[in-house]
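Asker: Pasting the sequence and the predicted model now:
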Amino acid sequence: MARYYDFDDILMEEEPVSVVFRVAADGVGLLDPSSEDNNVEAGAKVDLPAWLAQELFQRQAVLVNLPTFYGQKLRKEIQADPGCVDLRSRCPYFYELGCKLSPITSDPTLGAFLLSTLRGRYKDLLCKSHSAAVAFTPQYMNLLTKEETQMLEAGRNSMKAFKKWRLQGARIERAAVLGRKRRQNT
Amino acid sequence: MYGKKASQLCQELSRIEDDQLHPFNNDLFNQVLEESNEHFYQLESRMTKMHADGLDLQTTQNQDYYGGLIHHLSLLRNKRCLLTYIYQRTQNIQRLRWQLGAVLPEDIQERLNHFEKEYFKSYSDLIGSYMTSIDLDLVVDVTPPKDPYIQVRVMDDVGEVFLDDQSTSLLRNSIHLMKRTEAEPLISQGLLEEFAG
């Protein structure tokens, strides 16, 4: 409930997850493109957004399959070199969605896999965020998930704040006032 | 897919930079409301059907129950997205009060809808009456000043103003040393610029 108003959380829950219905449901034909009447049969395999999949799982109405980007193929790629794998195109909320799905799927290794992925990519991320003055290669940014981009931004901002603090008070004052003025013009 | 339009609203929020404000997306907002109404009718019709069949709504779990459940969950989801959209915008509007003062520039006014303008006004009044009651202007000196005086350059012909209880003429490009608290609102309105010698 704490993240009720968090739009990142909302968008994360919009990611599609493949599920198998254990029960039949009437009047929701929109969910299953292959259904001919307006109903979903038991045993139908359907892609649902994560929010719906999770709620239905808790009521034992569906079985959840892990999305392919948590599968063996990508795990091998990440084992080979975590830093070079393009996670964004697979799922912009790779970690958050994984954490959400981890308790509702039968795969016990998912959590450990997510942790080792982040660990493998984190060092590189931290180095790049602190050398903010060096022009960023946009290619690298394109590989990052939303969570990683936020971490990178946080690292760069604290570096910026640190530099500002080192270059004495007068400059802080000037930037603060000018910053406010610029905001007004936008 | 259910909840798709509602998430588009939130997507719009996530694209916006921190200090920008887009016009209120009435069109999409109303579409989500319509979709929610539709979910509600569907849910209601499932429930009346179960009632007509003489089933106990609390315990039966047939296909009507699950159909209704999905509509119910979609309804809650839409509600969450709509509330988030409004909530995040009000947060931005509150920030505007601190950054720009009680009167908003024309172009920002246009991006607020009727209720948001009301909200801004009430919020501004609240802060105003609080600041009067404690007799302190909370908007100035957001960053602690090092010096009570600053040097400023005048950006535009302002004319005669009262500064520090005496009349001063602010001519374009002239440079003045004045009290920070007096300069700050004029700087944020774009009339003065801080002059770093």
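Answerer: Nice, I can see it. Residues are numbered from 1 along each chain as shown, chains lettered A, B, ... in the order given.

Asker: got a list of what residue A:64 touches?
Answerer: Counting by Cβ atoms under 8 Å, 6 or more residues apart in numbering or on different chains, residue A:64 makes contact with A:17-19, A:53, A:57, A:101, A:104-105. For glycine as for every other residue, the C-beta is placed from the backbone atoms N, C-alpha and C.

Asker: Pick the one among these closest to chain B.
Answerer: residue A:53 (10.4 Å; Cβ to the nearest Cβ).

Asker: any idea which element the closest one lies in?
Answerer: Assigned by DSSP states H and E, residue A:53 falls within helix A:50-58.

Asker: and the contacts of residue A:64 as a markdown table, adding pLDDT?
Answerer: Formatted as a markdown table, the contacts of residue A:64 follow (pLDDT from 0 to 100):
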| residue | pLDDT |
| --- | --- |
| A:17 | 91 |
| A:18 | 90 |
| A:19 | 90 |
| A:53 | 91 |
| A:57 | 91 |
| A:101 | 90 |
| A:104 | 87 |
| A:105 | 83 |
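
Asker: Where do the domain boundaries of chain B fall?
Answerer: B:4-134, B:149-194 (automatic domain parsing).

Asker: contact partners of the helix holding residue A:53?
Answerer: A:12-17, A:19, A:48, A:62-64, A:97, A:100-101, A:104, B:2-3, B:66, B:69-70, B:73-74, B:77.

Asker: Please convert the buried members of the residues you listed into ChimeraX selection syntax.
Answerer: Of these, the buried ones go into a single ChimeraX selection, burial set by 16 or more other Cβ atoms under 10 Å in any protein chain shown:
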select /A:12,13,14,15,17,19,48,62,63,64,97,100,101,104 /B:2,3,66,69,70,73,74,77
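
Asker: Just the contacts of helix A:50-58: which are in strands?
Answerer: A:16-17, A:19, A:48, A:62-64 (DSSP state E).

Asker: and the longest helix for chain B?
Answerer: helix B:63-100 (DSSP state H).

Asker: Pull out the buried positions in the next helix or strand after that helix.
Answerer: Using DSSP H and E, the helix or strand that follows helix B:63-100 in sequence is helix B:106-109. Neighbour-count burial for helix B:106-109, counted by 16+ other Cβ under 10 Å, picks out residue B:108.

Asker: quick one on the thing from earlier: switch the ones in strands among the contacts of helix A:50-58 over to TSV; also include distance to residue B:16.
Answerer: Listed next are these as TSV, based on distance: Cβ to Cβ, whole Å:
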residue	distance to residue B:16
A:16	25
A:17	27
A:19	33
A:48	28
A:62	35
A:63	38
A:64	33
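
Asker: where do the helices sit along the chain?
Answerer: This is for chain A. Counting by DSSP H, the helices of chain A are A:7-12, A:50-58, A:72-80, A:94-101, A:110-130, A:138-143, A:146-166, A:169-185.

Asker: That was the other one, I meant chain B.
Answerer: Using DSSP H, the helices found in chain B span residues B:4-15, B:26-52, B:63-100, B:106-109, B:114-134, B:180-188.

Asker: Worst mean pLDDT among the ones you listed?
Answerer: Lowest mean pLDDT within the helices of chain B: helix B:180-188, a mean of 75.

Asker: what's the residue closest to the geometric middle of chain A?
Answerer: residue A:93 (1.1 Å; Cα atoms, centre = their mean).

Asker: I'd say that one and residue A:7 touch.
Answerer: No: using Cβ atoms under 8 Å, residue A:93 is not in contact with residue A:7; the gap is 11.9 Å.

Asker: Tell me, how many residues neighbour residue B:75?
Answerer: For residue B:75, the count of nearby residues is 20 (other Cβ atoms under 10 Å in any protein chain shown).

Asker: residues contacting it?
Answerer: Counted by Cβ under 8 Å, 6+ apart, residue B:75 has contacts B:36, B:39-40, B:43.

Asker: nearest to chain A, of those?
Answerer: residue B:43 (9.0 Å).

Asker: Just give the nearest non-adjacent residue to that closest one, would you?
Answerer: The spatial neighbour of residue B:43 that comes closest, neighbours along the chain excluded (Cβ to Cβ, 6 or more residues apart in numbering or on different chains), is residue B:71 at 4.3 Å.
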